[in-house]
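Chemist: what follows is a protein structure lacking sequence information:
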């Protein structure tokens, strides 16, 4: 294990496999948790003695805690190091899993979910940043592909494990699996190299105002998505979120060491990547939620059957991530991502058309979704690593993770509301609520595909000028990445290889 300040350390003894496996545990835990709990919520509601609406808050509370902590995750990692920041996340997530395993009341479960959400916020961006610190530049795309492939085990095994454990033993054992995985990740992380960018002062004002703004906005959005929302609560929450969020943005632009570095958005390609990320994460999270809800509530199927359906949706994610790793050098990362976004839109339109068909036909139409998601999940992380200087990478990856979580909240809220409202209306033009919702999701993805094709891909191929998003020079050809003061990167446009070096 090595630890360095102001430079990228040498590759650890375990090489790319150890780095990819260790960093994948954190992301995989979050994926497993979200998908496993989705299919278990009706059973949790019955056993804990709460309504299904209240049980849904166990899912939402995780997202709110995650969103509140995410803006500060990059700043904390810059202060304590990427490895230590990742380990803090594993400890928090493990503590939440332990509490959920033994919790005897709804409110203890809520506290457990808050701990898990905060831990997930520390793990997601720092896992990618830690991976970047432990692999050579010419191995980055394949390392990210391996990272996504391993971690995606959680997203497609989660619903199966969640459904089987819920029906045969107990839904609480889901948290035992997570506790063991967190402990293994904590042990393996100690073998990786670390990077400490600086010892800057923590932006406590930014952390508090940013977290408060996110929580208020999400609470209002989630309440508005209910069939019978409290509009006073919605208006109050969103109304307070606006001035608090404005204060956060003003302060972050003026402070020397912001918790949320807004300068990364001065790059049009990165900004387009964030917007597109919100869109396709919203569709994936909301679509999976609506599918599980439709099968269990509308069609009265078991949790395990719903779990297998969600599994079919996510089964090809590892294949998609490997496709991204192997074909990027041949076709270019931007072109591959734009094709995947269009593929995802078409896949949801197809599922929307056959949504009223028998379960076997529906299940056969789901796997193409996972293929596209695998390419996009591996591709957006690799794109962020290529577009952003090493010194700004923790903040950039935090922004990307925040976009994913915002997308998930918006997707579950908006698509869930559409599904419920169409159900109340008895369908639209002979289409079932599931069909209408998924057709809407497919259409909503088309602008995201356009953004990736005309903004992200152009920035990655150097067809548009790239602004310096943090102080220091930026490369403007090849796969664009800044040459940092603390760790220079040279870009070979023809071979697409990045070499790590130390700059004085």
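Modeler: Structure's in. What do you need? Since we're looking at a predicted model, the values are computed, not measured.
Chemist: from residue 405, how far off is the nearest residue to residue 114 once chain neighbours are set aside?
Modeler: Counting by CB to CB, 6 or more residues apart in numbering, the nearest residue to residue 114 once its immediate chain neighbours are dropped is residue 65, at 4.4 Å. Yep, even glycine has a C-beta here, placed from its N, CA and C like the rest. Here residue 65 is placed at a distance of 10 Å from residue 405 (CB to CB, to the nearest Å).
Chemist: okay, and the common contacts of the two?
Modeler: With contacts taken as CB atoms under 8 Å, 6 or more residues apart in numbering, the residues that reach both residue 65 and residue 405 are residue 121.
Chemist: quick one: the strands in the protein?
Modeler: Assigned by DSSP state E, the chain shows strands spanning 3-5, 194-196, 488-492, 497-501.
Chemist: which regions of the stretch 351-500 of the chain lie under the pLDDT threshold?
Modeler: Applying pLDDT under 70 to the stretch 351-500 of the chain flags the ranges 355-357, 391-392, 394-395, 424-427, 429, 462-500.
Chemist: at which residues are the helices of it located?
Modeler: With DSSP state H, counting those that start in this stretch applied, the stretch 351-500 of the chain shows helices at 359-364, 368-387, 393-425, 433-451, 457-460, listed in chain order.
Chemist: quick one, which of the ones you listed is nearest to residue 332?
Modeler: Proximity to residue 332 (CB to CB) singles out helix 457-460 among the helices of the stretch 351-500 of the chain, at 6.9 Å.
Chemist: quick check, distance from that closest one to the centre of its chain.
Modeler: Average the C-alpha atoms of helix 457-460, do the same for its chain, and the two points are 22 Å apart (CA atoms, centre = their mean, to the nearest Å).
Chemist: residue 437 contacts residue 418, correct?
Modeler: Yes - at 5.0 Å, residue 437 and residue 418 qualify as touching, with contact defined as CB atoms under 8 Å.
Chemist: the nearest residue to residue 428 once chain neighbours are set aside: how many residues sit nearby?
Modeler: Taking CB to CB, 6+ apart as the measure, residue 428 lies nearest to residue 436, with 5.1 Å between them; neighbours along the chain are not counted. Other residues within reach of residue 436, judged by other CB atoms under 10 Å, total 21.
Chemist: do residue 160 as well
Modeler: Other residues close to residue 160 by other CB under 10 Å number 19.
Chemist: would you confirm that it contacts residue 307?
Modeler: Yes - A contact is recorded between residue 160 and residue 307 when judged using CB under 8 Å, the distance being 5.0 Å.
Chemist: which one of residue 437 and residue 418 has more residues nearby?
Modeler: Of the pair residue 437 and residue 418, residue 437 is the one with more neighbours under other CB under 10 Å, namely 30 against 19.
Chemist: quick one, what contacts the more buried one?
Modeler: Applying CB under 8 Å, 6+ apart as the definition, the contact partners of residue 437 turn out to be 287, 290, 352, 415, 418-419, 422.
Chemist: could you redo the last one with a cut-off of 7 Å?
Modeler: Contacts were defined as CB atoms under 7 Å, 6 or more residues apart in numbering; by that measure residue 437 touches 290, 415, 418-419, 422.
Chemist: leaving out chain neighbours, which residue sits closest to it?
Modeler: Distance criterion CB to CB, 6+ apart; nearest residue to residue 437, sequence neighbours excluded, is residue 419 at 4.6 Å.
Chemist: for the most centrally placed residue in the chain, which non-adjacent residue is closest in space?
Modeler: Taking CA atoms, centre = their mean, the centroid of the chain lies closest to residue 404, which sits 4.1 Å from it. Once flanking residues are discounted, residue 404 sits nearest to residue 281: 4.6 Å by CB to CB, 6+ apart.
Chemist: now do residue 213
Modeler: residue 245 (3.7 Å).
Chemist: number of residues surrounding the one you found?
Modeler: When neighbours are defined as other CB under 10 Å, residue 245 has 17 of them.
Chemist: okay, it and residue 254: tell me how far apart.
Modeler: According to CB to CB, residue 245 and residue 254 sit 15 Å apart.
Chemist: likewise for residue 273?
Modeler: Residue 273 is 26 Å from residue 254, by CB to CB.
Chemist: which of those two has more neighbours?
Modeler: residue 273 (28 against 8).
Chemist: residues touching the nearest residue to that one once chain neighbours are set aside, list them.
Modeler: Distances taken as CB to CB, 6+ apart put residue 456 closest to residue 273, at 5.0 Å, once the chain neighbours are dropped. Taking CB under 7 Å, 6+ apart, we find residue 456 in contact with 269, 272-273, 276, 334, 337, 383.
Chemist: now the residues you listed in JSON lines, with distance to residue 311?
Modeler: Below are the contacts of residue 456 laid out as JSON lines (distance: CB to CB, whole Å):
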{"residue": "269", "distance to residue 311": "34"}
{"residue": "272", "distance to residue 311": "32"}
{"residue": "273", "distance to residue 311": "28"}
{"residue": "276", "distance to residue 311": "26"}
{"residue": "334", "distance to residue 311": "30"}
{"residue": "337", "distance to residue 311": "24"}
{"residue": "383", "distance to residue 311": "28"}
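Chemist: now flag whichever of the residues you listed is closest to residue 70.
Modeler: Each of the contacts of residue 456 was scored against residue 70 by CB to CB, and residue 273 proved nearest at 16.4 Å.
Chemist: check what pLDDT the closest one gets.
Modeler: The confidence metric pLDDT takes the value 88 at residue 273.
Chemist: that one contacts residue 382, doesn't it?
Modeler: No - using CB atoms under 7 Å, residue 273 is not in contact with residue 382; the gap is 10.8 Å.
Chemist: quick one: contacts for residue 383?
Modeler: Residue 383 makes contact with 273, 333, 337, 456, 460, according to CB under 7 Å, 6+ apart.
Chemist: give me the neighbour count for the last one.
Modeler: Spelled out, it's residue 460. Residue 460: 28 neighbours (other CB under 10 Å).
Chemist: leaving out the residues flanking it, which one is nearest to it?
Modeler: residue 334 (4.1 Å).
Chemist: so what's the one you found up against?
Modeler: Residue 334 makes contact with 456-457, 460-461, according to CB under 7 Å, 6+ apart.
Chemist: likewise residue 62?
Modeler: Listed by CB under 7 Å, 6+ apart, the contact set of residue 62 reads 113, 116-117.
Chemist: now render those as a markdown table, adding pLDDT.
Modeler: Compiled in a markdown table, those are given as follows (pLDDT from 0 to 100):
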| residue | pLDDT |
| --- | --- |
| 113 | 90 |
| 116 | 92 |
| 117 | 89 |
